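Enquirer: Need a 3D model of the following:
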Amino acid sequence: MLIAIIENNSSFGVVAMRLNEKMGVIAFYAILVVSLIIFGFGIVSRDNMISGIGISLFICAFLVKSEFKLEVLFWRNR
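Expert: Residues are numbered from 1 along each chain as shown. Next up, the predicted model:
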């Protein structure tokens, strides 16, 4: 469940969505973890369909990150 605020710009007929930053980061990490679990299960069971679903979810996680311009760090710069 993603929480988004919808804005309607009637001059151009465009609907823009802003995602709550914290919910977006939680959704990104949740999709990422689920995709890695599904991909791992697909590798262990040697099922190409399940592996493909895991890879697709992995790509979707990064599409969510780029679409809503989430600032997600995987490590700290020292």
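Enquirer: any weak-confidence spans in this structure?
Expert: 1-19, 74-78 (pLDDT under 70).
Enquirer: how about a cut-off of 50?
Expert: By pLDDT under 50, the low-scoring segments of the chain are 1-2.
Enquirer: Let me see the ranges of the strands in it.
Expert: Counting by DSSP state E, the chain has strands at residues 4-9, 14-19.
Enquirer: Quick check: Asn48 vs Phe39, distance?
Expert: 11 Å (C-beta to C-beta, to the nearest Å). C-beta: built from backbone N, CA, C; applies to glycine.
Enquirer: and these two? which has more neighbours close in?
Expert: Phe39 (19 against 9; other C-beta atoms under 10 Å).
Enquirer: Could you double-check that that one lies in contact with Gly54?
Expert: Yes. Under the criterion of C-beta atoms under 8 Å, Phe39 makes contact with Gly54 at 2.8 Å.
Enquirer: Against which helices or strands is the longest helix seen in the chain packed?
Expert: When the chain is parsed with DSSP state H, its longest helix is helix 21-44. Helix 21-44 is packed against helix 48-67, with contacts defined by 3 or more C-beta pairs under 8 Å, 6 or more residues apart in numbering; DSSP states H and E.
Enquirer: How about residues contacting the helix it packs on?
Expert: 24, 27-28, 31-32, 34-43, 70, 72 (C-beta atoms under 8 Å, 6 or more residues apart in numbering).
Enquirer: of those residues, buried ones?
Expert: Buried members of those, scored by 16 or more other C-beta atoms under 10 Å, are 24, 27-28, 31-32, 35, 38-39, 42.
Enquirer: would a markdown table of these with distance to Phe58 be doable?
Expert: Shown next, in a markdown table, are the buried ones among the contacts of helix 48-67 (distance: C-beta to C-beta, whole Å):
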| residue | distance to Phe58 |
| --- | --- |
| Gly24 | 17 |
| Ala27 | 14 |
| Phe28 | 11 |
| Ile31 | 8 |
| Leu32 | 7 |
| Ser35 | 4 |
| Ile38 | 9 |
| Phe39 | 7 |
| Gly42 | 12 |
